[in-house]
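**Student:** Mind folding the following:
(chains A, B, C, D and E)
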Amino acid sequence: MDLATFLGIVAGTALYIWAIGQGGSLLNFWNLPSLAITLGGTLAATLINYPLSRLVGMVGVAKNAFFHRPVDPNETIATLTEFAEKARREGLLALEESVDQLEDDFLRKGLQLVVDGTDPELVRSILETELAFLEERHRAGAAIFDTMGMLAPAFGLIGTLIGLVNMLKNANDPEKIGPGMAVALLTTFYGAMLANFLFIPIAGKLRVRSAEEILNREVMIEGILSIQAGDNPRIVAEKLRSFLAPSQRATRRRDEEGEEA
Amino acid sequence: MDLATFLGIVAGTALYIWAIGQGGSLLNFWNLPSLAITLGGTLAATLINYPLSRLVGMVGVAKNAFFHRPVDPNETIATLTEFAEKARREGLLALEESVDQLEDDFLRKGLQLVVDGTDPELVRSILETELAFLEERHRAGAAIFDTMGMLAPAFGLIGTLIGLVNMLKNANDPEKIGPGMAVALLTTFYGAMLANFLFIPIAGKLRVRSAEEILNREVMIEGILSIQAGDNPRIVAEKLRSFLAPSQRATRRRDEEGEEA
Amino acid sequence: MDLATFLGIVAGTALYIWAIGQGGSLLNFWNLPSLAITLGGTLAATLINYPLSRLVGMVGVAKNAFFHRPVDPNETIATLTEFAEKARREGLLALEESVDQLEDDFLRKGLQLVVDGTDPELVRSILETELAFLEERHRAGAAIFDTMGMLAPAFGLIGTLIGLVNMLKNANDPEKIGPGMAVALLTTFYGAMLANFLFIPIAGKLRVRSAEEILNREVMIEGILSIQAGDNPRIVAEKLRSFLAPSQRATRRRDEEGEEA
Amino acid sequence: MDLATFLGIVAGTALYIWAIGQGGSLLNFWNLPSLAITLGGTLAATLINYPLSRLVGMVGVAKNAFFHRPVDPNETIATLTEFAEKARREGLLALEESVDQLEDDFLRKGLQLVVDGTDPELVRSILETELAFLEERHRAGAAIFDTMGMLAPAFGLIGTLIGLVNMLKNANDPEKIGPGMAVALLTTFYGAMLANFLFIPIAGKLRVRSAEEILNREVMIEGILSIQAGDNPRIVAEKLRSFLAPSQRATRRRDEEGEEA
Amino acid sequence: MDLATFLGIVAGTALYIWAIGQGGSLLNFWNLPSLAITLGGTLAATLINYPLSRLVGMVGVAKNAFFHRPVDPNETIATLTEFAEKARREGLLALEESVDQLEDDFLRKGLQLVVDGTDPELVRSILETELAFLEERHRAGAAIFDTMGMLAPAFGLIGTLIGLVNMLKNANDPEKIGPGMAVALLTTFYGAMLANFLFIPIAGKLRVRSAEEILNREVMIEGILSIQAGDNPRIVAEKLRSFLAPSQRATRRRDEEGEEA
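**Tutor:** Predicted structure coming up:
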């Protein structure tokens, strides 16, 4: 579960409920047609912009911003070092059984190719192609939220224009201008909230998560190729740790003492 | 037919008709001179921006956003695998007859070059040049809609300025200020709707469709060159599937059991 | 003459004269000081931004958006194919006389280098350097109009601020507020029109024309080098046509029947 | 300590306190709910956008904009020249002791690799990988402030919309409209100040500091490799100085006369 | 002296003085606290954004936009051709004396390296490194003005918000609203003028000047290496002229007749 996403949404919502309550009633800010204009218009334009299949896939992508299990590259490195040791001691073929039990599809596929005796250049090329397409899919997923973050304020403004035109056309009673304007402004409010509180930050979180996952898979590729090359397990571990920030490598000593591996 | 485009336009239009009806009359939102100022100004500026020939070609491009027959790369892969098998069994020349019956111009041209015994490097170079120019034409087509999506709000604003100046110059009667302002705001409304509900999402859909078509042709190029190299049909199929997302490869088993191929 | 540019300007101007006339008098929209503030400010800032020499050269560049003789790459291909045939029959030296009669400087210079027996690598390098600098000059020319398209709305806003400040300072008479505001808004109107109806679309047209001319010269470079390499004239024509979109190649059959060449 | 950052914040704050005092009371500009809406909304959206771990790390990054000890590449060059001389006179192994006393982790790690007799290609590859990830971390740190600089004005606008809606809904008393509007505008004021006076300039300063540090480490890499290659100390110094701007090299003569080295 | 910069500033200032005088008094547009808020805020934020040393260096950079002595690459070419002739006749060592008298540091350093018999690859590498860092410094100098051009309108808006809040809080007297609003708008006016009339165009001019100087130095590098290679002086001149636009080469014939060289 992505703690920060939940924390941000819960704290932000609470804050805004409190802030609105300070100066008026929450009911002032609830208007179904206004929400329909803003959110509905955004969704309709998004449908025109993207094929149905991709929008359906987006639901799965969005979950990543909320229910992402953080990837720990140190675990990946520990696993790969273990495999490197076994390969050194017992040969590449001895890895077969353990490979089958790996959870991660990417790692299992890569090590399976190594066990099958595939040419190293081909292993790298297959894994890098897979990684490039994964990156592209992640990018496309975040782009949908970026698009929605751009459309929501626009449809908020459109809603306000609709409200203003209706209000001005019937403006015989100056008493009603104030409340009419208040309702008209609600769509702009909804559009700005949807964009800045949901769509744009979710797109940002997806990009951060994508970068983490891609780094983790780059570590895997290097590790798999090192194992195939028969490198010394210590050198494998050292090489892979150079992919991490010093702060991420904090657990290094523990690894070396075998507490985790 | 692109379902999402139609769905988006129909649902969005219905939504806006309903939403406008909530607070006033649809007639308030119909004003021919306002539409002429916004749409006419956008089209005039687009004429200055692009040569006539390209604008005429744009009509064909725009149809892609509405009547696009989705390309299934799995079909392309099945066809190419079939050709690979035949080539292996009966030689490259045996493909000639089947090649003539191919619907896709690009695939037919590429395989014809192979049957004619063209040098592999030249085949790749010719097909990649063709693909690069196709990509450029797609990009240019989407760019026209991007330009219109940028111009429409600007001419909407210009229309509102015209309305405001006219209203303010003759503003002896405060009673008329409200309705006059309502009409002036209509062009801003039209400009925002044209941009965010049509031009920008259509440009987006064209880019998505272009990416799909280009991916499909990259699959073709790889397949054609594999056939020419005399690769094993199973390896051809495996290689080409690595271009697809795992979800797109769902039909894999079916293919292998020959249900589709 | 660039038909679309003229059509756009004439149709757009007529449309706006009509639209303004619908709601008021054209005279409301004519105010010399307002125009001086907007256009003069834009030009003064452009002078600060660019050296005089480049602004003088801009006049010649701007003409390209209006009086551009469309380049037909098919003609270029026909000419080059003709030269290829002659070179094959009578040798490279036999081209000398016809080369002198070529109108296009770039083509003549390139073929002259070939006739002079210059090394192919050097021919390519000289022509590509020339092309790179041409592209850079085109880009710089369009950039001036982009800059003006960005400055004009800013100086329109500045003019409106000047008008508002003057109006508000002297606002003893509420009757004058309306007309005063109308005049103040005129500079924003002028700025938006200059940017969206002139500067931005002209920059766009210049970029399109530049791309066409550069493509045409790329065709020339390939053709010149093919002639020098002694390629078969049919192959030269085939190679050069791959630079064109299928629609541009429509005249292909005609060429082949020799109706144009 | 980064003098300019403190100077800018102190002088800017003093200036704004004075300027506000000119036309009214400072108390007019203090409103806790308004600040909570703007800053709280920005922080909540930032939490959604970034993982907790990165936001915690940001505090350390932000300190760089305030408490940065300027890096002097001339010192680095002097140190490296000294090492080059010693290595020439007494051999690479003689460096071991002095290397242990180096404060800079990067320099120590690099020279240690040289002393250990690591292959030059590997030394370069390890140090450049480390540098690339450092650059990426710096970039990511500045990006958080960029994001906050984009979100703050948006939440300022949202706050103003909340204030306006509340005010308009209850607008029975025209006397209260003025003060209500004043409070509503405060969030826009806070958002603009936070973005333009803090977040955006801090992001800028972090980028400048990052560029300085990276340049300094590039000097280190070149120097370390020159030492390993056994280059003449004078040539090492000359090579490294070519990384600096002429103005930065002002202390050159001093170095040569040994005043600093 | 850069004529266009002065012309633009003088003509623009005169125009705005005239335009403001048309509708009111110049005194309406002078307000020291407003200027302090806008310019002071911009400078304070710039201090936070950049280190002091770079801001001090900016003064020297800014002078380039005003007192730039235009570089004539034809002169550079003439000088280099002369050197090439001398080197051919009397050998590279004969250049030593004339090299010492060269005014341009870059040219002198490069030719000195040639006279010293430095390896051609090293000469190119040293000069290109120097050029890359020069380009980077130019870019950074223009970036400061870009930053100020972005900050000035923001602080103009902040000033207007301060004025509005103060005005609305004390708005008992409707008579004072007009003039109060006028003063509040002045900061937006100052911000827009500073950005669009000074900072942005000066950044633009600096970029143009930088490009000219870099082109001139690229000509120098090519010329120096040609001299070292012992190329024929005529070919040196021909090669270097291909860097110039045809219009810049206008003085070619004169050069050849030796009128200048």
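
**Student:** Return the distance of the closest residue to chain E within the stretch 101-250 of chain A relative to residue E:165.
**Tutor:** Going by CB to the nearest CB, chain E is nearest to residue A:178 of the stretch 101-250 of chain A, at 16.3 Å. Just so you know, the C-beta spots here come from the backbone N, C-alpha and C atoms, and that holds for glycine as well. Residue A:178 sits 21 Å away from residue E:165, going by CB to CB, to the nearest Å.

**Student:** so where do the helices sit in the stretch 151-261 of chain A?
**Tutor:** Taking DSSP state H, counting those that start in this stretch as the criterion, the stretch 151-261 of chain A carries its helices at A:177-193, A:200-228, A:233-241, A:252-256.

**Student:** Now render these as TSV, adding mean neighbour count, distance to residue D:126 and mean pLDDT.
**Tutor:** TSV is the format used below for the helices of the stretch 151-261 of chain A (neighbours: other CB atoms under 10 Å in any protein chain shown; distance: least, CB to CB, whole Å; pLDDT from 0 to 100):
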stretch	mean neighbour count	distance to residue D:126	mean pLDDT
helix A:177-193	22	48	88
helix A:200-228	21	13	91
helix A:233-241	18	9	82
helix A:252-256	14	16	42
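
**Student:** Could you measure from the residue lying closest to residue A:179 once chain neighbours are set aside over to residue E:169?
**Tutor:** Nearest non-adjacent residue to residue A:179, counting by CB to CB, 6 or more residues apart in numbering or on different chains: residue D:169, 5.9 Å away. Separation of residue D:169 from residue E:169 (CB to CB) stands at 21 Å.

**Student:** where does the stretch 1-150 of chain A come near chain B, residue by residue?
**Tutor:** Selection of the stretch 1-150 of chain A residues close to chain B by CB under 8 Å from any CB of the partner chain yields A:33, A:36-37, A:40-41, A:44-52, A:54-55, A:57, A:126, A:129-130, A:133, A:137, A:147.

**Student:** Which residues are in contact with residue A:142?
**Tutor:** A:61, A:203, A:206, A:207, A:210 (CB atoms under 8 Å, 6 or more residues apart in numbering or on different chains).

**Student:** could you redo the last one with a cut-off of 7 Å?
**Tutor:** A:203, A:206, A:207 (CB atoms under 7 Å, 6 or more residues apart in numbering or on different chains).

**Student:** Kindly identify which of these also come near chain D.
**Tutor:** Checked against chain D using CB under 7 Å from any CB of the partner chain, those yield no neighbours at all.

**Student:** Quick one: list the elements packing against whichever strand or helix holds residue A:77.
**Tutor:** Element membership for residue A:77, per DSSP states H and E: helix A:73-90. Judged by 3 or more CB pairs under 7 Å, 6 or more residues apart in numbering or on different chains; DSSP states H and E, helix A:73-90 is in contact with helix A:200-228, helix A:233-241.

**Student:** Compare those helices and give me the one nearest chain B.
**Tutor:** Across the helices and strands packed on helix A:73-90, chain B has its closest neighbour in helix A:200-228 (14.0 Å, CB to the nearest CB).

**Student:** quick one: that closest one to helix A:233-241, angle?
**Tutor:** Relative orientation of helix A:200-228 and helix A:233-241, computed by axes from the mean of the first three to the mean of the last three CA atoms, to 10 degrees: 160 degrees.

**Student:** For chain E, what is the nearest residue in chain A?
**Tutor:** Closest contact between chain A and chain E, by CB to the nearest CB, is at residue A:23 (15.6 Å).

**Student:** which residues does the closest residue to chain C within the stretch 51-200 of chain A contact?
**Tutor:** Per CB to the nearest CB, residue A:168 is where the stretch 51-200 of chain A lies closest to chain C, at 15.6 Å. When contacts are counted by CB under 7 Å, 6+ apart, residue A:168 touches B:178, B:179, B:181, B:182.

**Student:** Leaving out sequence neighbours, find the closest residue to it.
**Tutor:** residue B:182 (3.8 Å).

**Student:** Am I right that residue A:133 is in contact with residue B:245?
**Tutor:** Yes. Residue A:133 lies in contact with residue B:245 (CB atoms under 7 Å); the separation is 6.3 Å.

**Student:** TSV for the helices and strands packed on helix A:73-90, including distance to residue E:141?
**Tutor:** Listed next are the helices and strands packed on helix A:73-90 as TSV, based on distance: least, CB to CB, whole Å:
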stretch	distance to residue E:141
helix A:200-228	32
helix A:233-241	40
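
**Student:** Chain C: which of these is closest?
**Tutor:** Of all these, helix A:200-228 comes closest under CB to the nearest CB, at 25.1 Å.

**Student:** So which elements touch that closest one?
**Tutor:** So helix A:200-228, by 3+ CB pairs under 7 Å, 6+ apart, packs with helix A:52-67, helix A:73-90, helix A:105-115, helix A:120-169, helix A:233-241, helix D:41-49.

**Student:** most tightly surrounded among the ones you listed?
**Tutor:** helix D:41-49 (a mean of 25; mean count of other CB atoms under 10 Å in any protein chain shown).

**Student:** From the contact counts, what lies against it?
**Tutor:** helix A:3-23, helix A:200-228, helix D:120-169.

**Student:** ok and that helix relative to helix D:177-193, angle-wise?
**Tutor:** Here helix D:41-49 points in a direction 40 degrees away from that of helix D:177-193 (the same axes, to 10 degrees).

**Student:** which residues are in contact with helix D:41-49?
**Tutor:** Here helix D:41-49 has contacts from A:4-5, A:7-9, A:11-12, A:15, A:196-197, A:201-202, A:204-205, D:55, D:144, D:147-148, D:151-152, D:155, D:158, using CB under 7 Å, 6+ apart.
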